[in-house]
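> what's the 3D shape of this:
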Amino acid sequence: MVHQAVPGVWLPGYEEQRHYWEGMFIEMTERCLRHRAWVAERQRPGSRV
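As a prediction, this is how the structure comes out:
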């Protein structure tokens with residue numbers, strides 16, 4: 001069955017999927033920022049990390 005697009009109407013499961021992907025985005029953003037901070041620390045002269 002093919003769903004027709006109706007402006008302003010979302011398919012069933014949309015909210016749950018959006019919540020899941022937003023959580024994944026937040027998690028990956030935090031992981032990336034931690035990694036960048038780790039890399040910056042490693043590049044500092046005299047770093048012992």
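
> distance from the chain centre to stretch 5-23, please.
Stretch 5-23 sits 16 Å away from the centroid of its parent chain (C-alpha atoms, centre = their mean, to the nearest Å).

> over to stretch 14-25?
Taking C-alpha atoms, centre = their mean, one finds stretch 14-25 lying 9 Å from the centre of the chain it belongs to.

> any idea how many residues pack against residue 42?
Residues within reach of residue 42, counting by other C-beta atoms under 10 Å, total 10. Every C-beta, even on glycine, is put in place using the N, C-alpha and C of the backbone.

> what about it, which SS state?
Going by DSSP: H, G, I helix; E, B strand; the rest coil, the secondary structure assigned to residue 42 is helix.

> helix or strand: which one has the most centrally placed residue in the chain?
In the chain, the centroid-proximal residue (C-alpha atoms, centre = their mean) is residue 25; its distance is 1.0 Å. Assessed by DSSP states H and E, residue 25 sits inside helix 14-43.

> circling back to that earlier point, and the pLDDT at the residue nearest to the centre of the chain?
pLDDT recorded at residue 25 is 98.
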